[in-house]
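K.L.:
Sequence first, predicted coordinates after that:
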Amino acid sequence: MERKKYRIGLVMKSLKADFFKVMQKGAEEFAASDGGFQLISTGTDSQTEIDRQVALVDELSASGVDALVVVPIDSKALVAPVVRAVRRGVKVVNIDIRLDESLLSEAGVDVDFVGPDNFAAASEVGCLLAERLEKGAPVAIIEGLPVADNARQRKAGFDKAVAERGLDCKESVPANWETHTAREVFGSILAGHPEIKAVFCCNDAMALGVIDVLKEAGKKPGEIKVVGFDNDDVMRPLLDEGWLLGTVDAYGSQMAVEGIRHALSLLAGGQASLGNRPTPYTVIKR
């Protein structure tokens, strides 16, 4: 008997962001090569459109998809539409940014997570930067969107590196994953703290904004050290030139693929792992 061709929805964050463009491409290539399911991939226009992402999850689950693979913008706000989907009989796999576990538990719903250890990865790339600095050196952290679990985990990983090296964190400010916001935030930080020696950025898009400010300020590559997270293609020349000291490759092109594979396993009668299925990461350094 021919296998049912499942319909699987992939709900991402901003499809204008390099990381999610790569994720979408990887998922679509996998769907084309597999041929056994229909992929419906979608996302938001920006990294902060929480209500729009909630609507996308509700629309797809109501349309009769068999499974959803979801990257939540807000770890708490996306719990409710995910719970609604599960109660409709949709298999849901959470990738990249973990949904709030306490809210899922309150709802009596288990959702498997597929993604990297953001704390460990940020701590590792943070230590790479911290090792290049003298004890007590003044630094700054550019955070992601505070309502996202991966933003909190990455900040915590950077905080660990700062504490272990005894660095002096002058500012730790969210820039909501966006390049233009990071430009504004870091411009203010640099004006107030021109002595800054390094910047920990919770994604590469924000690191790009920081580097733009450094260039405009007439700084030389490496004069103020910067690390990021995501290994976006646009950052590779900046890594080669010394503007970026390091970043983390979390293999976004394959993360959705692993989430889809897990969803297909669940649809075929496989057991939920009821927890974390870690995906690999690599620290990329100059």
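P.N.:
Perfect, I can see it now.

K.L.:
What is the neighbour count of residue 253?
P.N.:
Counted with other C-beta atoms under 10 Å, the burial measure for residue 253 works out to 18 neighbours. Bear in mind the C-beta positions are built from the backbone N, C-alpha and C, glycine included.

K.L.:
nope, residue 80 is what I meant
P.N.:
For residue 80, the count of nearby residues is 14 (other C-beta under 10 Å).

K.L.:
Show the contacting residues for the closest residue to it other than its chain neighbours.
P.N.:
If you skip the residues right next to it in sequence, residue 80 has residue 54 as its closest partner in space, 7.3 Å away by C-beta to C-beta, 6 or more residues apart in numbering. Counting by C-beta atoms under 8 Å, 6 or more residues apart in numbering, residue 54 makes contact with 77, 78, 80, 81.

K.L.:
Just give me the closest of those residues to residue 94.
P.N.:
Nearest to residue 94 out of the contacts of residue 54 is residue 78 (C-beta to C-beta; 8.6 Å).

K.L.:
so what's the closest one up against?
P.N.:
If you count contacts by C-beta under 8 Å, 6+ apart, residue 78 has them with 50, 53, 54, 57, 70, 72, 99.

K.L.:
before we move on, the earlier item: element containing the residue nearest to residue 80?
P.N.:
Element membership of residue 54 [criterion: DSSP states H and E] is helix 50-62.

K.L.:
Just the C-alphas of that helix, formatted as CSV.
P.N.:
Taking Å, rounded to 0.1, in the frame of the first residue of the first chain, the C-alpha atoms of helix 50-62 are listed here in CSV:
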residue,chain,number,x,y,z
ILE,A,50,4.7,37.5,17.7
ASP,A,51,1.0,37.9,16.9
ARG,A,52,1.6,37.1,13.2
GLN,A,53,3.4,33.9,14.1
VAL,A,54,0.6,32.8,16.4
ALA,A,55,-1.8,33.3,13.6
LEU,A,56,0.4,31.3,11.2
VAL,A,57,0.4,28.3,13.6
ASP,A,58,-3.3,28.5,14.1
GLU,A,59,-4.0,28.8,10.4
LEU,A,60,-1.9,25.8,9.5
SER,A,61,-3.2,23.6,12.2
ALA,A,62,-6.8,24.5,11.3
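
K.L.:
Would you mark the buried spots in stretch 151-159?
P.N.:
Counting neighbours by 16 or more other C-beta atoms under 10 Å, one finds that the buried residues in stretch 151-159 are 151, 152, 153, 154, 155, 157, 158, 159.

K.L.:
ok so the first one is a helix residue?
P.N.:
I take that to be residue 151. Yes: the assignment for residue 151, made by DSSP: H, G, I helix; E, B strand; the rest coil, places it in a helix.

K.L.:
Chain neighbours aside, what residue packs nearest to it?
P.N.:
Using C-beta to C-beta, 6+ apart, the closest residue to residue 151 is residue 144 (3.2 Å).

K.L.:
Which per-residue confidence value corresponds to the one you found?
P.N.:
For residue 144, the model assigns a pLDDT of 98.

K.L.:
is it true that it touches residue 204?
P.N.:
No: in terms of C-beta atoms under 8 Å, residue 144 does not count as a neighbour of residue 204; the distance is 11.3 Å.
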